[in-house]
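In: mind looking at a prediction? Sequence and model below.
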Amino acid sequence: MKKIAFIFPGQGSQTVGMGKDLYERFDVAKAVFDEADKALGFSITDMCFNGPEDELRKTFNTQPAILTVSIACHRVLREHGIVPTIVAGHSLGEYSALVAAGSLSFSDAVQLVRKRGQLMQEAVPLGEGSMAAILGLARDVVVDICHKAEAEFGAVQAVNFNCPGQIVIAGKKLAVEKAAELLKAAGAKRAVMLPVSAPFHSTLMKPAAEKLAHELETINVQDALIPVVANINGQIITNGQEIKESLVEQADHPVEWEQCIAEIIKSGTTTFVEVGPGKVLSALTKKITKEIDHFNVEDMISLEKTLDYFTEVR
């Protein structure tokens, strides 16, 4: 029996047109988009399919849009009898994973991530925060140099431990730029400034985390029906109250994605499926392990390829 992990993408995976062919082909996918529009009070469907891109890129739109497409993909897979034995999601994607695990209702989740996006953007005014991807340096070197930069220039931390040799830093714009210079001088292959609207997962997100805690008090978070691997520590979590606490902590703490993948592999997983727009997580996972089959589902072409694989191995 194959053990299947579903992994769900976060911000940066959005594209105008995402989810459209699945919406047109499958009633279960259309139902997800319809439910999102009703819950949000505006057409996230229209924004996913038609943009404009600059609106879709705003974090309070990006988050519900990616969640909606991801859950539409998940429901199509479920309709075809493909269900995960363990789930995880990168940052925003953790909310998709929790919907897939039965811990959050989709309607609650889509409203919650819309609010999460608003709170994150309010925490740091546009243009004051920044993020950069650092390639080719060890974790301890990146963390140490960020500490030094922070002491001199203001808040900057390592916030996404994505895979060996890829770490994202975030903080005050100047501090991130100075840290990037220091990291390049220390031997980083590249330091790439990211086109994001806020310094996600840094300590600057603490006001957003505190307000998110109040939002979560009104949400019913159930025990997960299957194991969910938490961003904050790469450990399996299933208890509803612990999940709620981890979502609050996740907002202003690093994403331990490399550790999440290690935990999924330790559970005996044989196949990874990235569920939702893009292939960002598939690329990261391949850098962490070469021994596992990788697929993604975001449109009809990728769905058919994935279904063919599962038909062959059954």
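Out: Received it, and whenever you're ready, just let me know what you need.

In: residues of stretch 288-300 that come out buried?
Out: Within stretch 288-300, the residues scored as buried using 16 or more other CB atoms under 10 Å are 288, 292, 294-299. All C-beta spots, glycine's among them, are computed from the backbone N, C-alpha and C.

In: show me where the chain has strands.
Out: Per DSSP state E, the chain has strands spanning 4-8, 86-89, 129-135, 156-163, 166-172, 190-193, 228-229, 236-237, 271-275, 293-297. These are given in chain order.

In: paired strands for the fifth one, with orientation please.
Out: The reference is to strand 166-172. strand 129-135 (antiparallel), strand 156-163 (antiparallel) (DSSP bridges).

In: between the buried residues of stretch 288-300, which is nearest residue 306?
Out: Nearest to residue 306 among the buried residues of stretch 288-300, counting by CB to CB, is residue 295 at 4.3 Å.

In: that closest one and residue 221, how far apart?
Out: From residue 295 over to residue 221 the distance is 29 Å, taken as CB to CB, to the nearest Å.

In: cool, residue 186 as well?
Out: From residue 186 over to residue 221 (counting by CB to CB), the distance is 41 Å.

In: mind checking which of those two has more residues around it?
Out: residue 221 (21 against 14; other CB atoms under 10 Å).

In: you'd agree the more buried one is up against residue 103?
Out: Yes. Assessed by CB atoms under 8 Å, residue 221 is found in contact with residue 103 at 5.8 Å.

In: and for those two, which residues touch both?
Out: 240, 243 (CB atoms under 8 Å, 6 or more residues apart in numbering).

In: got the domain ranges for this protein?
Out: Domain assignment for the chain by automatic domain parsing gives 4-123+204-313, 129-196.

In: the residue lying closest to residue 152 once chain neighbours are set aside: neighbouring residues, count only.
Out: Distances taken as CB to CB, 6 or more residues apart in numbering put residue 178 closest to residue 152, at 7.4 Å, once the chain neighbours are dropped. Using other CB under 10 Å, residue 178 is surrounded by 20 other residues.

In: please apply the same query to the one 3 residues further on.
Out: Using other CB under 10 Å, residue 181 is surrounded by 14 other residues.

In: kindly report the same for residue 168.
Out: 24.

In: show me what contacts the residue nearest to it when sequence neighbours are not counted?
Out: Using CB to CB, 6+ apart and skipping the chain neighbours, the partner closest in space to residue 168 is residue 160 (3.7 Å). Neighbouring residues of residue 160 by CB under 8 Å, 6+ apart: 90-91, 167-168, 201, 254-255, 257.

In: same check on residue 272?
Out: Residue 272 makes contact with 4-5, 7, 264, 282, 285, 292-295, according to CB under 8 Å, 6+ apart.

In: what about the nearest residue to residue 309 once chain neighbours are set aside, distance to residue 301?
Out: Closest residue in space to residue 309, ignoring its immediate chain neighbours: residue 295 at 6.1 Å, by CB to CB, 6+ apart. Distance of residue 295 to residue 301, computed by CB to CB: 12 Å.

In: could you do residue 248 as well?
Out: Taking CB to CB, one finds residue 248 at 38 Å from residue 301.
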